[in-house]
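Enquirer: coords please:
(chains A and B)
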There are 2 protein chains.
Amino acid sequence: MKHTYARSDMDVVKSQKFTRLCSLTYANTDGEARSERKWEMVQRTTRTIPVEAFKRSQAPIPIDAVEVCATVEKAEGTFIIVVAQYRPPLDAISLEFPAGLVDAGENCGQAAIRELREETGYSADASSILSVSPPLSTEPGLTDSCCVLVRLRINGDLPENQHPKQLLDDGEDIEVLLIPVGDTQEALNALLKAAGKYEAKGQRAVVDAKLYTFMDAMAHMHNSHCCSAL
Amino acid sequence: MKHTYARSDMDVVKSQKFTRLCSLTYANTDGEARSERKWEMVQRTTRTIPVEAFKRSQAPIPIDAVEVCATVEKAEGTFIIVVAQYRPPLDAISLEFPAGLVDAGENCGQAAIRELREETGYSADASSILSVSPPLSTEPGLTDSCCVLVRLRINGDLPENQHPKQLLDDGEDIEVLLIPVGDTQEALNALLKAAGKYEAKGQRAVVDAKLYTFMDAMAHMHNSHCCSAL
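Expert: Next comes the predicted model:
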């Protein structure tokens, strides 16, 4: 980078229950020259971090949610667990990794195991955790919302995972899809085919970018590297 | 899904130049029973779609930007092109796929080729396009913002790609990183190492979730499927 940057202030323009629209000021320093610039942003209000903490550098990097990338290994093959639900901002059925907020007193791994159990019924424990990412931005030009990606490997042959039952709150309506992870582009094609099923019923479906890029990379690796090496 | 859903109204609560905070109403229909619910959302104002179009089902699925997943093939190996820039909402250096808005009269493939050229200097043409995704949501609980992922394969040995020069606007300050795509977890580790370099200079770095999940899937495939098959 040629310049150095630091946030110098932030105003709350409008606050609702879950979201606030903010205007922030940051300083762009280029050697001796220093200029102040404005930016619009959206924050989630569902955090323990007070809004004042975001006024100056270094503003906190929040963790709003965990995203759970879980593979289930069964006798008949390996599957990625995907959830489908209506998302009002998109006015569409959204296909995503299981996800949710981190509760007080939980770390990201624990939150991932709990959310997976609630949304899909599948059981995992600490030994199922393959990796926990650093905080990841979701739309860095628009919001400071961040998630953490937790990868889990689930034993689908365990008795408790034979007939998984969701533990949903009243009003939650989530469908669980198992997308087979096979050779070549099978996973990506199965994901797009699942989206097409909702469309055939008159509800539009949109795939989340984090899930899509994961599936696309799997297809890419098979096509370009692995399969050519085999 | 047990119920069917449809948006029934949307109010603009507060509008700024680039973003507006909205309150929307959607109907949840369960057989005979129908209930209306509220949701908060954020929209980008930088669209040709008028705000009235979002008031009822089926609300349009917008395409706000293209994300460019480009691999460069050179004599010394294959690399993914990553850009780093200060993102005011995060108050941090953000590592992302090259990305940008789709201009009037462009399709997503053309926008991807243009944005890659401007932000990184690398040249591609229509024959470089490997795939174009459907619209993908970035944070479906918070916003209807969507992107399209365009995958490009670049010939790094072409004369015009030997010494690529960025075409940046005044005020744009973007660093280009080439992340090697190797065996096992090399790409993911190289990405996290690149983030660490900014932190060593006193600027925090955050990786975008779309880029991370792509790199993580590549590591995952090498570890779990390909390498075990080799």
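
Enquirer: For A:Val68, give me its contacts.
Expert: A:Val68 is in contact with A:81, A:97-99, A:112, A:115-116, A:150, A:152, counting by Cβ atoms under 8 Å, 6 or more residues apart in numbering or on different chains. C-beta coordinates here come from the backbone N, C-alpha and C atoms, glycine included.

Enquirer: List buried residues within the residues you listed.
Expert: By neighbour count, with 16 or more other Cβ atoms under 10 Å in any protein chain shown, the contacts of A:Val68 hold A:81, A:97-99, A:112, A:115-116, A:150, A:152 as buried.

Enquirer: For A:His3, which non-adjacent residue is spatially closest?
Expert: In this structure, A:His3 finds its nearest non-sequential neighbour in A:Asp30, 4.7 Å apart by Cβ to Cβ, 6 or more residues apart in numbering or on different chains.

Enquirer: The one you found contacts A:Tyr5, correct?
Expert: No. The criterion here is Cβ atoms under 8 Å, and A:Asp30 misses it with A:Tyr5 at 10.1 Å.

Enquirer: of these two, who's got more company?
Expert: A:Tyr5 (21 against 11; other Cβ atoms under 10 Å in any protein chain shown).

Enquirer: so the more buried one, which of the three states?
Expert: strand (DSSP: H, G, I helix; E, B strand; the rest coil).

Enquirer: And it, what's its pLDDT?
Expert: At A:Tyr5, the model reports a pLDDT of 95.

Enquirer: Identify the residues contacting it.
Expert: A:26-29, B:86, B:88, B:91, B:203.

Enquirer: make it 10 Å
Expert: By Cβ atoms under 10 Å, 6 or more residues apart in numbering or on different chains, the residues touching A:Tyr5 are A:26-29, A:37, A:57, B:85-88, B:91-93, B:173, B:203.

Enquirer: ok, how many other residues are close to A:Ala194?
Expert: A:Ala194 has 19 nearby residues by other Cβ under 10 Å.

Enquirer: for stretch A:84-93, the distance to its chain's centre please.
Expert: 15 Å (Cα atoms, centre = their mean, to the nearest Å).

Enquirer: phi, psi of the closest residue to A:Glu106 other than its chain neighbours?
Expert: Nearest residue to A:Glu106, sequence neighbours excluded (Cβ to Cβ, 6+ apart): A:Arg114, at 7.2 Å. Dihedral pair for A:Arg114: phi -70, psi -50, per degrees, to the nearest 10.

Enquirer: Run a quick neighbour tally on A:Arg114.
Expert: Neighbours around A:Arg114, by other Cβ under 10 Å: 18.

Enquirer: so what's the residue nearest to A:Pro164 when sequence neighbours are not counted up against?
Expert: Leaving aside its chain neighbours, A:Pro164 sits nearest to A:Gly121 (3.0 Å; criterion: Cβ to Cβ, 6+ apart). Neighbouring residues of A:Gly121 by Cβ under 10 Å, 6+ apart: A:81, A:160-161, A:163-168, A:176.

Enquirer: Who wins on neighbours among these?
Expert: Within those, most neighbours by other Cβ under 10 Å means A:Ile81, with 24 neighbours.

Enquirer: partners of that residue in the sheet?
Expert: Beta-bridge partners for A:Ile81, by DSSP bridges, are A:Leu178.

Enquirer: okay but A:Ser106 is in contact with A:Val150, surely?
Expert: If you look again at residue A:106, you'll see it is Glu, not Ser. No. Contact criterion Cβ atoms under 10 Å: A:Glu106 and A:Val150 do not qualify, at 11.5 Å.

Enquirer: Overlap in contacts, these two.
Expert: By Cβ under 10 Å, 6+ apart, the residues touching both A:Glu106 and A:Val150 are A:66, A:112-113, A:115.

Enquirer: domain parsing for chain A?
Expert: As given by the TED database, the domain ranges for chain A are A:5-54, A:65-223.

Enquirer: In JSON lines, list these along with distance to B:Phe18.
Expert: Formatted as JSON lines, these follow (distance: least, Cβ to Cβ, whole Å):
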{"stretch": "domain A:5-54", "distance to B:Phe18": "5"}
{"stretch": "domain A:65-223", "distance to B:Phe18": "8"}
